[in-house]
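[1] no FASTA, just this:
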């Protein structure tokens, strides 16, 4: 059950005064959990990056060898004050990530520790700017995507779920959650069968996936259309990345208020927790290493898609 943690985090973030330190206080009663907060200032304001380490029984943080799992709450900002009052739709990724960390922390004190470490990151900004986007306006971020990736992608993460509100489009006509194909080193790979299984298990429904284009896995700032920033972590790591989209049937602006649905966020949290359990235990694969080796042998590296591109580099 992750609804309690989701509601706790929802209420904590639904404030004009919230910051990273207030989020850190949510973990005050969990001695083994390491939480760090760093404020970063950009051209459009500042935000507080949160880094939470939930150590495993055989995790690398304590000298073990179990795999390390990453959960990234991806967003522009949790609020658009003063132009919008209250929590915006874009906040869902941050709520889900912090709630997942809080649930994992609570599991530890109840005797349910995962085998490997889990690293959870996101950022907290209650007064982020907005920007135009088709078909509906998006939230912008106080800092650029390079800074976001620098603080949210930990080099220790061996596989990453990137959770992001993905409602401002007309290609996902489903309320709940949807997952992307695995993205690794510029390749869009097949959808993980293990993640489809876990999605069925945690939603009690047939799995829902969403389309990913070449544009979506390139870095922001290249003047190409992106569905949103859900797969931007894939440009900053060689680890496999899967997007977990919190979705709607209708196109909802990321800067819209009153548009966050607690049950859908809690579903994303449950899915992330179950994925963390199995990945750190070695029973969930994001991709087939042999097939990845085969595709790169046949067609070469696609890492150029993780960069600004040759034309921009030359210009």
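    It's in. Source: prediction; values computed, not measured.
[2] for the residue nearest the centre of the chain, which residues make a bridge with it?
    The centre of the chain sits closest to residue 162, judged by C-alpha atoms, centre = their mean, with a distance of 2.5 Å. Beta-bridge partners for residue 162, by DSSP bridges, are residue 72, residue 243.
[3] Would you map the strands across the stretch 201-315 of the chain?
    Taking DSSP state E, counting those that start in this stretch to define them, one finds strands in the stretch 201-315 of the chain at 241-247.
[4] for it, what are the low-confidence residue spans?
    By pLDDT under 70, the low-scoring segments of the stretch 201-315 of the chain are 311-315.
[5] Tell me where it has helices.
    Secondary structure of the stretch 201-315 of the chain (DSSP state H, counting those that start in this stretch): helices located at 262-280, 289-299, 310-314.
[6] Make JSON lines out of these and add distance to residue 42 and mean neighbour count.
    For every residue, glycine as well, the C-beta is placed using N, CA and C. What follows is those, written out as JSON lines (distance: least, C-beta to C-beta, whole Å; neighbours: other C-beta atoms under 10 Å):
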{"stretch": "helix 262-280", "distance to residue 42": "26", "mean neighbour count": "23"}
{"stretch": "helix 289-299", "distance to residue 42": "35", "mean neighbour count": "11"}
{"stretch": "helix 310-314", "distance to residue 42": "21", "mean neighbour count": "9"}
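[7] Pretty sure the residue nearest to the centre of the chain sits against residue 244.
    Yes - contact criterion C-beta atoms under 8 Å: residue 162 and residue 244 qualify, at 6.8 Å.
[8] Tell me if I am right that residue 142 is in a helix.
    No - with DSSP: H, G, I helix; E, B strand; the rest coil as the criterion, residue 142 is assigned coil and is not in a helix.
[9] Okay, and the beta partners of the residue nearest to it when sequence neighbours are not counted?
    Once flanking residues are discounted, residue 142 sits nearest to residue 45: 3.5 Å by C-beta to C-beta, 6 or more residues apart in numbering. On the basis of DSSP bridges, residue 45 is bridged to residue 42.
[10] show me what contacts residue 45?
    By C-beta atoms under 8 Å, 6 or more residues apart in numbering, the contact list for residue 45 reads 125, 127, 128, 129, 142.
[11] ok, now residue 195?
    179, 242, 275, 284, 286 are the contacts of residue 195 under C-beta under 8 Å, 6+ apart.
[12] can we see that at 6 Å?
    Neighbouring residues of residue 195 by C-beta atoms under 6 Å, 6 or more residues apart in numbering: residue 179.
[13] in what helix or strand does it lie?
    helix 193-203 (DSSP states H and E).
[14] now the angle from that helix to helix 262-280?
    140 degrees (axes from the mean of the first three to the mean of the last three C-alpha atoms, to 10 degrees).
[15] buried stuff in helix 193-203?
    Applying a neighbour-count criterion of 16 or more other C-beta atoms under 10 Å, one finds 194, 195, 198, 199, 202, 203 buried in helix 193-203.
[16] Turn those residues into a markdown table, columns for distance to residue 57.
    As requested, those are exported to a markdown table (distance: C-beta to C-beta, whole Å):
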| residue | distance to residue 57 |
| --- | --- |
| 194 | 22 |
| 195 | 24 |
| 198 | 21 |
| 199 | 26 |
| 202 | 23 |
| 203 | 28 |
